[in-house]
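In: Following is a predicted model, sequence given first.
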Amino acid sequence: FEVYGVPIIGTNDVWKGVLLVFHDITELKKLEQVRRDFVANVSHELKTPITSIKGFSETLLDGAMDDREALRQFLNIILQESERLQTLIQDLLDLSKIEQQGFNLSVEKVNVITIINEVITIVNRKAEEKNISILFEKDMEPIIIEADPYRLKQIFINIVSNALAYTTNNGSVAIKVTNDSSKVYIDIEDTGIGIEQSEIPRIFERFYRVDRARSRNSGGTGLGLAIVKHLVEAHKGLVTVESEVGKGSVFRFEFNKKFIEE
Ligand code: ADP
């Protein structure tokens with residue numbers, strides 16, 4: 001609590017008492033802590049690749065570049081770490097834009113089936129590298145909803161990319177789309193590592209990862225699901241997760257066919 005005291009003075013400068021104002025600042029303090037954690041996280045995430053880029057550049061300049069194999073290997077690391085920085089900055093800018101008040105979707109009529117097919121084309125190379133089959137029924141009838149096509153695509157790219165990242169080689173990712181008169185339901189189911197029940201409520205937090213090293217190795221920034229959550233909320237949709245460790249996870253989405261304005 002923050003407490004203010006204000007003297008109450010009557011006529012002839014007579015003290016009548018003191019007005020005490022108790023201001024509950026728990027929520028403010030919490031927000032302040034969240035903000036501080038966020039800045040600390042961002043700094044850490046930026047520092048790690050920069051340290052690596054600096055270290056490998058210095059080693060090269062100190063003579064390692066005379067060895068052609070080392071030169072190639074170190075330059076590759078420098079390139080990878082730069083790409084990592086680029087992705088992180090892109091995700092940060094995007095998240096800050098989406099979180100801003102007055103963030104606007106560009107809503108139009110969208111065929112969900114087309115969006116899913118485009119997402120599959122984008123992630124296909126990654127799936128092939130790991131020999132993971134993406135199962136999606138061919139030639140589905142169009143399902144038209146009112147949504148922001150760019151943002152809808154972003155949601156599913158993030159989810160399918162995660163499904164691929166957290167599934168070992170030779171697994172599968174199944175995408176199922178159904179609908180009724182008012183809603184469309186999209187399930188993305190993987191045969192991956194799964195998520196502990198107690199972790200599920202936290203995975204949509206910014207920078208929260210169940211396994212930091214694993215996420216980093218798979219190119220994750222820890223912001224993907226935070227972006228997804230905000231975009232689903234902006235569409236007044238719903239996302240839920242079911243998972244079993246060692247078996248796999250299902251990310252379920254529901255969107256209204258008709259977009260509901262504020
Ligand atoms: P990241 O960039 O680390 O993947 P996300 O915000 O996309 O960040 O996801 C947060 C965390 O949730 C991941 O680090 C991972 O631990 C967990 N996660 C997300 N999707 C899956 C999945 N399909 N299977 C298992 N774990 C997952």
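Out: Ah, there it is.
In: how many neighbours does the residue lying closest to S215 once chain neighbours are set aside have?
Out: The shortest distance from S215 to any non-neighbouring residue, by C-beta to C-beta, 6 or more residues apart in numbering, is to R209 (4.2 Å). Just so you know, the C-beta spots here come from the backbone N, C-alpha and C atoms, and that holds for glycine as well. Close neighbours of R209, defined as other C-beta atoms under 10 Å, add up to 17.
In: Give me the below-cutoff pLDDT ranges for this protein.
Out: The chain contains no residues with pLDDT under 70.
In: Could you list every helix and strand in contact with the helix or strand containing Y4?
Out: Y4 belongs to strand 2-9 when assigned by DSSP states H and E. In terms of contacts (3 or more C-beta pairs under 8 Å, 6 or more residues apart in numbering; DSSP states H and E), strand 2-9 is packed against strand 15-23.
In: What angle do strand 2-9 and the following helix or strand past the strand it packs on make with each other?
Out: The helix or strand immediately downstream of strand 15-23 is helix 26-61, counting by DSSP H and E. Following axes from the mean of the first three to the mean of the last three C-alpha atoms, to 10 degrees, one obtains 140 degrees for the angle between helix 26-61 and strand 2-9.
In: Which residues in helix 26-61 does the neighbour count mark as buried?
Out: For helix 26-61, the neighbour count (16 or more other C-beta atoms under 10 Å) marks 42, 45, 49, 52-53, 56, 60 as buried.
In: Tabulate the residues you listed (a markdown table), appending distance to N124.
Out: Compiled in a markdown table, these are given as follows (distance: C-beta to C-beta, whole Å):
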| residue | distance to N124 |
| --- | --- |
| V42 | 32 |
| E45 | 28 |
| P49 | 27 |
| S52 | 29 |
| I53 | 30 |
| F56 | 31 |
| L60 | 35 |
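In: excluding its backbone neighbours, what's nearest K153?
Out: Using C-beta to C-beta, 6+ apart and skipping the chain neighbours, the partner closest in space to K153 is I115 (5.4 Å).
In: So which bits of the stretch 151-262 of the chain are right by the ligand?
Out: 162-163, 166, 190, 192-193, 195, 203, 208-211, 215, 220-226, 249 (C-beta under 6 Å from any ligand atom).
In: ok so, going back, so the residue nearest to K153 touches Y150, yeah?
Out: No. The criterion here is C-beta atoms under 8 Å, and I115 misses it with Y150 at 9.7 Å.
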